[in-house]
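A.B. asks: Structure for this input, please:
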Amino acid sequence: MISIKACHVVLLALLCAIVLTAAPAAVAQDSPVKAVAGEDVNLDTSLYLILATNRDVEDGKLNPAVEPIVKRLREALPFKHYAVVGTFLNRVKNNGRLDVSWVGSPFMVPSAAPAALNNPSFNNFGAVVRLVTDSSGSDLVRMSELKFGAQLPIITAQATTTNASMGSTPIATVQYQNIGLRTDISMREGSPVIAGTLSVGPQGDAVVVAVAARRAN
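C.D. replies: Numbers count the residues shown, from 1 in each chain. All right, here's what the predicted structure looks like:
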């Protein structure tokens with residue numbers, strides 16, 4: 001006849017076996033799912049620069065991709081007009097660093113001071129771009145160390161000089177102003193999001209920086 005003590009030992013052993021068997025399954029259920037995207041995947045990144053102003057300018061035709069953003073801006077910011085003044089497309093390898101710079105005048109519109117149109121702006125954009133998954137397993141694009149910067153020409157004074165051969169010639173005094181932002185951001189693949197809003201110049205204008213990324217075809 002098996003003693004009560006022996007029965008307790010057998011029962012304890014069975015319970016230990018059940019716990020050890022079930023433990024890995026429980027850990028697997030509680031652990032977040034992290035899909036590892038292929039390193040050879042390329043991503044197309046889009047940078048949109050949107051001018052927000054209260055000056056009397058015409059709203060330009062909007063890229064369909066940024067129409068939801070502009071609608072949100074109209075609801076949130078007190079500007080009368082919005083226009084996309086720069087769209088830039090670049091390709092980067094998954095988990096790679098994108099770093100570009102360019103010279104241009106993307107923030108100026110036809111009604112801006114003509115003298116400023118001859119002065120270029122100096123711009124840069126960069127980020128570490130990678131595909132990730134959230135806790136529900138949905139794909140996201142993460143831009144870490146995202147930075148956008150620009151040096152913009154600002155007219156600080158207007159003078160008139162008199163020259164016998166040229167007559168009266170207006171000369172603008174232009175100074176360069178640094179603007180920029182730095183942040184980390186995540187977004188749904190292919191859906192543009194607002195990264196930040198920057199004030200530009202004494203006329204009260206603002207530049208809205210929006211970004212998007214998706215797997216390259």
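A.B. asks: From now on I want contacts and neighbour counts done on CA atoms only, so please keep to that.
C.D. replies: OK.
A.B. asks: could you pull out the strands for the protein?
C.D. replies: Ranges of strands in the chain, per DSSP state E, are 42-53, 81-93, 96-104, 121-133, 139-163, 167-188, 193-200, 205-215.
A.B. asks: how about TSV for those strands, with distance to Ala65 and mean neighbour count added?
C.D. replies: Formatted as TSV, the strands of the chain follow (distance: least, CA to CA, whole Å; neighbours: other CA atoms under 10 Å):
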stretch	distance to Ala65	mean neighbour count
strand 42-53	10	22
strand 81-93	11	17
strand 96-104	22	14
strand 121-133	20	20
strand 139-163	17	17
strand 167-188	13	14
strand 193-200	10	18
strand 205-215	9	21
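A.B. asks: Columns mean pLDDT on top of those strands, output as a markdown table?
C.D. replies: Output for these, formatted as a markdown table (pLDDT from 0 to 100):
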| stretch | mean pLDDT |
| --- | --- |
| strand 42-53 | 94 |
| strand 81-93 | 92 |
| strand 96-104 | 94 |
| strand 121-133 | 94 |
| strand 139-163 | 82 |
| strand 167-188 | 83 |
| strand 193-200 | 92 |
| strand 205-215 | 94 |
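A.B. asks: could those be laid out in a markdown table, adding distance to Pro64?
C.D. replies: Shown next, in a markdown table, are those (distance: least, CA to CA, whole Å):
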| stretch | distance to Pro64 |
| --- | --- |
| strand 42-53 | 12 |
| strand 81-93 | 11 |
| strand 96-104 | 24 |
| strand 121-133 | 23 |
| strand 139-163 | 20 |
| strand 167-188 | 17 |
| strand 193-200 | 14 |
| strand 205-215 | 13 |
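A.B. asks: Of all these, which one is nearest Arg74?
C.D. replies: Taking CA to CA, strand 81-93 is the member of those nearest to Arg74, at 8.4 Å.
A.B. asks: so what does that closest one touch, helix or strand wise?
C.D. replies: Contact here means 3 or more CA pairs under 8 Å, 6 or more residues apart in numbering; DSSP states H and E; on that basis strand 81-93 packs against strand 42-53.
A.B. asks: Run the angle between the strand it packs on and strand 139-163 for me.
C.D. replies: 50 degrees (axes from the mean of the first three to the mean of the last three CA atoms, to 10 degrees).
A.B. asks: Can you tell me what sits against strand 42-53?
C.D. replies: Outside strand 42-53, the residues that touch it by CA atoms under 8 Å, 6 or more residues apart in numbering are 79-94, 106-107, 129, 204-216.
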